[in-house]
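1. Need a 3D model of the following:
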Amino acid sequence: MEIRPTTDQDLDVFVDTMHAAFGRFPETPAEDGGAWWSALQMDRCLLALTGDGRPVGTAGAHSFELTLPGEILVPAPGVTAVGVLPSHRRQGVLSAMMRHQLAELRARGEFLSVLLASEALIYRRFGYGPATYTGELTVPRHRADFALPRARGTADAPDTGSVEVLRRAECGEILEEVYDRYRRAQPGALSRPHRWWALGAGQPPVSRAPRYVAVHRDADGVPDGYASYSLGDHGTLTVDETITADDAVFTALARFVLGHDLVGQVVFKHVPPDHPLRWRLADFRAAEVSNDMDWLWVRLLDVPRALTARGWFTDGELVLDVDDPFLGERGRYLLTVRDSKADCVPTDREPDLSLDVSDLGSIYLGGTAPSTLVRAGHIRAHRPGAAALADALFRAERSPHCLHWF
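-> As a prediction, the model looks like this:
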């Protein structure tokens with residue numbers, strides 16, 4: 001078997017092989033919009049070939065930026081389009097591609113990678129761990145009254161901005177600009193490169209599928225948030241995503257869609273688990289949580305570089321014994337945090353925590369508490385208080401959240 005990088009001339013073969021791996025056929029791109037695979041970077045894709053040159057597997061990566069705790073932006077290849085033909089599964093093709101890809105990412109100087117897992121059982125064995133979570137909130141319109149506003153300056157205070165309804169085709173630049181400001185301040189968020197918007201590659205509102213967009217403007221008329229939505233059959237209004245870094249703006253956009261005429265219920269997609277919207281409703285039970293699931297998975301390729309790259313909010317010291325069975329590596333590191341900065345060096349000291357590299361990926365962004373993984377038997381704590389200290393160290397300034405689909 002041969003694994004080789006692809007060129008632009010391999011695009012059709014790559015796309016056909018990838019779809020065959022999933023038992024699907026390529027969809028016709030929407031009018032004036034590109035198919036999601038039009039954003040593939042062929043210089044970052046791989047083909048697995050049999051001895052006689054037949055393609056049997058694919059793997060790719062997008063060039064993104066990931067926002068770490070502390071509003072720190074780092075390169076983050078987004079692994080995508082991973083598949084093996086059903087006729088060649090369980091023959092080592094996938095493992096060979098993933099090992100080849102990880103080596104290639106390291107050669108590029110990248111210290112972590114991310115992906116969206118089609119199946120949770122697959123990617124943990126390659127060192128990836130779930131690091132952000134998302135869900136949906138469904139609110140019947142007749143139960144959508146908000147609690148009375150409290151003090152000015154809170155998310156429930158009267159909004160001094162305005163909401164304007166535009167069509168998706170009218171506000172592409174606004175969407176791109178507002179999303180970019182949002183993702184720079186949100187831990188766990190990924191960049192959406194301009195070419196994605198230009199190609200219409202991805203899910204709404206990146207794609208040019210018909211959507212209405214509620215654009216919120218501040219008191220000076222500057223766009224500072226949006227909600228992309230569509231009204232379907234049976235009176236269900238579905239919000240693809242609500243983008244803003246300001247809780248008061250989110251509340252204003254939620255009020256807007258919940259007040260839409262001819263609507264029986266509103267479905268908010270991609271809401272982080274601890275979002276305060278439920279608490280803002282007069283009836284706490286009105287918002288039904290569903291499709292609670294993992295979203296972004298993180299894989300560390302260079303533990304010291306990764307740990308010193310992110311921001312920290314508590315001082316402390318931990319010795320981490322990290323096992324990376326897929327790459328056959330093991331390292332013990334002394335993590336020292338002082339004044340929001342970390343130092344991470346190899347050490348022979350006894351460990352405070354022993355963990356798999358996939359579990360380190362899960363706690364890296366602050367979305368999974370180390371103590372949860374200790375209680376689940378994933379992480380081993382070697383002394384009392386180690387898990388509590390790890391919880392305090394690895395927390396982020398806010399819960400990490402990612403809603404970009406790739």
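2. Would you map the strands across the stretch 201-350 of the chain?
-> 212-217, 223-231, 236-243, 265-271, 288-294, 296-300, 316-324, 329-338, 341-346 (DSSP state E, counting those that start in this stretch).
3. what angle sits between the fourth one and strand 288-294?
-> Computed with axes from the mean of the first three to the mean of the last three Cα atoms, to 10 degrees, the direction of strand 265-271 lies at 20 degrees from that of strand 288-294.
4. rewinding a little: nearest approach to residue 184 belongs to which of the strands of the stretch 201-350 of the chain?
-> The closest of the strands of the stretch 201-350 of the chain to residue 184 is strand 236-243. By Cβ to Cβ, the value is 12.1 Å. C-beta: built from backbone N, CA, C; applies to glycine.
5. Which other helices and strands does that closest one contact?
-> With contacts defined as 3 or more Cβ pairs under 8 Å, 6 or more residues apart in numbering; DSSP states H and E, strand 236-243 has these neighbours: helix 172-185, strand 223-231, helix 247-258, strand 265-271.
6. and it with helix 172-185, angle?
-> Here strand 236-243 runs at an angle of 60 degrees relative to helix 172-185 (the same axes, to 10 degrees).
7. For strand 236-243, buried residues please.
-> 237, 238, 239, 240, 241, 242, 243 (16 or more other Cβ atoms under 10 Å).
8. now stretch 342-350
-> 342, 344.
9. start to end distance for that stretch?
-> 19 Å (Cα to Cα, to the nearest Å).
10. Distance of the most far-flung residue of the chain relative to its centre relative to residue 396?
-> Largest separation from the mean C-alpha position in the chain: residue 52, at 38.2 Å (Cα atoms, centre = their mean). Here residue 52 is placed at a distance of 50 Å from residue 396 (Cβ to Cβ, to the nearest Å).
11. can you tell me which residues contact residue 41?
-> 60, 61, 62, 63 (Cβ atoms under 8 Å, 6 or more residues apart in numbering).
12. Of the strands of the stretch 201-350 of the chain, which is nearest residue 402?
-> Using Cβ to Cβ, the strands of the stretch 201-350 of the chain put strand 296-300 closest to residue 402, at 4.1 Å.
13. That closest one: partners in the sheet, and parallel or antiparallel?
-> Its sheet considered, strand 296-300 pairs with strand 112-116 (antiparallel), strand 129-130 (antiparallel) by DSSP bridges.
14. got a markdown table for the helices and strands packed on strand 236-243, with mean neighbour count and distance to residue 40 too?
-> Shown next, in a markdown table, are the helices and strands packed on strand 236-243 (neighbours: other Cβ atoms under 10 Å; distance: least, Cβ to Cβ, whole Å):
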| stretch | mean neighbour count | distance to residue 40 |
| --- | --- | --- |
| helix 172-185 | 17 | 20 |
| strand 223-231 | 22 | 24 |
| helix 247-258 | 21 | 32 |
| strand 265-271 | 22 | 23 |
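15. I'd like these written out as JSON lines, with distance to residue 315 and mean pLDDT added.
-> Shown next, in JSON lines, are these (distance: least, Cβ to Cβ, whole Å; pLDDT from 0 to 100):
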{"stretch": "helix 172-185", "distance to residue 315": "24", "mean pLDDT": "98"}
{"stretch": "strand 223-231", "distance to residue 315": "34", "mean pLDDT": "98"}
{"stretch": "helix 247-258", "distance to residue 315": "28", "mean pLDDT": "96"}
{"stretch": "strand 265-271", "distance to residue 315": "33", "mean pLDDT": "97"}
